[in-house]
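Enquirer: following is a predicted model, sequence given first.
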Amino acid sequence: MWVRRNEDEIVRIERARRIRKFNPLPAALLTIGLLLVVAVLGWPPPARIVFDRPTRAIILFLIVFTSFYLSKIFIGRYWLFGPPSGEAVFPTHSVRNMICSRCQTVQADTESHLCPCGGELEELHHWRWVDDGIAE
């Protein structure tokens, strides 16, 4: 059975999601890992030219890190230089799992945020699953 979380829990979850969205550490680690692989393998061949001077390596790090970090913030995924062609740069609507507050069916979000039963759709992470015997 689905039970709606209390307001304090929802506030904590939303705060953690915002902090996680703007956390630069994963983008920095991904960039360092990628640059280490390129430096060790020396591929593509111009990579040797980039790593012979620290200034060039720092500039490359900043470009790649900025691309990863901004793509995670705006697109929600790590893309090196934006999404592949044919995809919207800033999607207007991302599919999220929602739950109906009336019939408690889980479904994809709709533009109207209304369930066919007439109830309102809420984000699924505002709810939790509780076994019937353990309901609070």
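Expert: Happy to help now that I have it. Numbers count the residues shown, from 1 in each chain.
Enquirer: use CA for all of it now, contacts and neighbours both
Expert: Fine.
Enquirer: who touches the one helix or strand residue 73 maps to?
Expert: Take DSSP states H and E as the rule and residue 73 turns out to sit in helix 54-74. If you take CA atoms under 8 Å, 6 or more residues apart in numbering as the criterion, helix 54-74 is touched by 21-22, 24, 27-28, 31-32, 35, 50-51, 77-82, 90.
Enquirer: how's the chain carved up into domains?
Expert: Taking automatic domain parsing as the domain assignment, the ranges for the chain are 2-74, 97-128.
Enquirer: return the most buried member of these.
Expert: Using mean count of other CA atoms under 10 Å, the stretch among those with the largest mean neighbour count is domain 97-128, at a mean of 16.
Enquirer: how far away from the center of its chain is that domain?
Expert: 21 Å (CA atoms, centre = their mean, to the nearest Å).
Enquirer: with stretch 22-37 instead?
Expert: 15 Å.
Enquirer: returning to what we had before: same list (the domains of the chain) but as a markdown table, adding mean pLDDT.
Expert: Compiled in a markdown table, the domains of the chain are given as follows (pLDDT from 0 to 100):
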| stretch | mean pLDDT |
| --- | --- |
| domain 2-74 | 86 |
| domain 97-128 | 84 |
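Enquirer: on that earlier part again, so what touches the helix or strand following the helix holding residue 73?
Expert: Using DSSP H and E, the next helix or strand after helix 54-74 towards the C-terminus is strand 97-100. Residues outside strand 97-100 that contact it (CA under 8 Å, 6+ apart): 105-109, 114-115, 119-124.
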